[in-house]
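J.: The following block contains a protein sequence and its predicted model.
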Amino acid sequence: MIISIAKEATPEELDGVVQRAKSLGLDIQLNSGTDKTVVAILGSNTGQLPTDIFAVLPGVESVTRVMKPYKLASRDFKPEDSIITVGGVEIGGNRLVVMAGPCAVETGEQLMEAAKAVKSSGASVLRGGAFKPRSSPFSFQGLGEAGLKLLSTVSKEYDIPVVTEVVDSHDIDMVSAYADILQVGSRNMQNFTLLAAIGRSRCPVILKRGFSCTVTEWLTAADYILAGGNEQVILCERGIRTFEDSARFSLDITSIPVLKRHSHLPVIVDPSHAAGHYTLVPSMARASVAAGADGLLIEVHPNPKEALVDGLQSLTPAHFTTLMSDIRSIARSIGRDV
Ligand code: PEP
Ligand code: MN
């Protein structure tokens with residue numbers, strides 16, 4: 001249930017609404033927007049409550065039931081776009097944000113070279129996995145905390161924020177001590193224990209789409225993080241599994257405008273994991289920008305042939321430079337800065 005507070009309502013009237021909800025044992029979240037304040041009434045039995053309980057209170061403009069399963073990620077709760085600021089970089093604003101780097105942190109040298117290359121071509125966030133959720137237990141699992149330390153060193157050296165994946169709720173404090181943005185991978189999009197724990201942290205997070213999940217399931221998963229009070233959620237489309245097997249996954253470009261319509265959260269696209277092959281990445285990246293993505297997450301490796309993970313889908317620094325120049329033209333043609 002969403003309660004719109006009248007513009008002229010007093011703080012006492014707003015408090016009256018909050019106290020009424022609490023007296024009924026309901027949870028609430030406030031969105032104090034520039035235009036108006038909205039109170040989301042949360043709980044499993046709100047469907048049984050008559051809206052009049054709140055509509056009669058002074059200061060209440062309107063009460064609406066949100067029929068979608070997700071509430072806090074919805075534009076009904078927050079009509080204005082969310083902008084998330086990380087180390088001076090705004091995600092979700094007019095400027096397109098490109099995050100790039102290797103799939104996995106392998107060595108200090110590899111990460112340093114990658115950081116230097118992607119930053120000089122215009123990327124504003126460095127990616128690199130220290131904990132890798134691999135399909136096989138025999139594949140390289142990442143360097144763990146040693147990889148996080150390298151990320152933090154390189155981040156300082158090149159003055160660039162870093163994003164890295166967290167796969168276990170017990171590691172959240174450790175990972176967020178080194179990284180600027182946490183990443184929840186596709187395979188963990190519905191790991192509700194992990195999501196709830198990240199909701200209790202105050203670290204920005206990229207929530208990747210589960211490759212078998214609908215947009216509604218994705219936004220409902222985002223609510224797990226938002227419900228804990230962590231408002232810094234960025235959605236990342238990374239392709240879904242369909243009957244089509246000519247690429248690793250099918251990039252769902254449609255989800256970009258769909259998310260923009262129904263949610264206030266920033267949307268970025270990872271064309272690398274969707275493509276599975278470096279030759280497909282540039283066109284999918286360009287299409288994502290044209291479709292309205294707020295940013296991109298791209299795998300770039302200084303030497304893809306030697307990569308321990310995902311070398312086939314990684315761009316070389318030279319490929320990445322060319323792509324950045326194409327992206328700039330597309331972004332400008334739709335009125336965005338890069
Ligand atoms: C990644 O970005 O490192 C990754 C593993 O991607 P995904 O979770 O989308 O497969
Ligand atoms: Mn990868």
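T.: It's in. It should be emphasised that the depicted structure is a prediction, and the values quoted were computed from it without experimental measurement. Ligands and ions are numbered 1, 2, ... in the order given.
J.: which bits of the stretch 151-300 of the chain sit near ligand 1?
T.: Counting by Cβ under 6 Å from any ligand atom, the stretch 151-300 of the chain comes close to ligand 1 at Glu165, Gly185, Ser186, Arg187, Lys208, Arg238, Asp270, His273. Where C-beta positions appear, they are placed from N, C-alpha and C, glycine not excepted.
J.: could I get the residues you listed as CSV with secondary structure?
T.: CSV is the format used below for those (DSSP: H, G, I helix; E, B strand; the rest coil):
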residue, secondary structure
Glu165, strand
Gly185, coil
Ser186, helix
Arg187, helix
Lys208, strand
Arg238, coil
Asp270, coil
His273, helix
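J.: what's the single longest helix in this protein?
T.: In the chain, assigned by DSSP state H, the helix with the most residues is helix 317-333.
J.: That helix packs against which elements?
T.: strand 97-101, helix 108-121, helix 281-290, strand 295-299 (3 or more Cβ pairs under 8 Å, 6 or more residues apart in numbering; DSSP states H and E).
J.: Return the nearest residue of the stretch 201-338 of the chain with respect to ligand 1.
T.: Distances between the stretch 201-338 of the chain and ligand 1 by Cβ to the nearest ligand atom are smallest at Arg238, namely 3.9 Å.
J.: ok, and the closest non-adjacent residue to that residue?
T.: Of all residues not flanking Arg238 in the chain, Asp270 sits nearest, at 4.1 Å (Cβ to Cβ, 6 or more residues apart in numbering).
J.: One more: Asp310?
T.: Asp310 sits nearest to Cys103 (Cβ to Cβ, 6+ apart), 3.9 Å away.
J.: shouldn't the one you found be in contact with Gly129?
T.: Yes - assessed by Cβ atoms under 8 Å, Cys103 is found in contact with Gly129 at 6.0 Å.
J.: So for those two, which sits in the more crowded spot?
T.: Using other Cβ atoms under 10 Å, the more surrounded residue of Cys103 and Gly129 is Gly129, with 28 against 24.
J.: Quick one: residues contacting the more buried one.
T.: The contact partners of Gly129, taken as Cβ atoms under 8 Å, 6 or more residues apart in numbering, are Pro102, Cys103, Ala104, Val105, Gly142, Gly147, Thr164, Glu165, Gln183, Val309.
J.: ditto for Lys119
T.: Contacts of Lys119 by Cβ under 8 Å, 6+ apart are Leu126, Tyr158, Ile160.
J.: How much space separates it from ligand 2?
T.: Applying Cβ to the ion, to the nearest Å, the value for Lys119 to ligand 2 is 20 Å.
J.: Also Ser44?
T.: Between Ser44 and ligand 2 the computed distance is 37 Å (Cβ to the ion).
J.: just to revisit the earlier point, in contact with the residue of the stretch 201-338 of the chain closest to ligand 1: list those residues for me.
T.: Going by Cβ under 8 Å, 6+ apart, Arg238 touches Ser186, Lys208, Arg209, Phe211, Phe249, Leu251, Val269, Asp270, His273, Ala274, Leu297.
J.: Backbone torsions only: list them for it.
T.: Backbone torsions of Arg238, given as degrees, to the nearest 10, read phi -140, psi 20.
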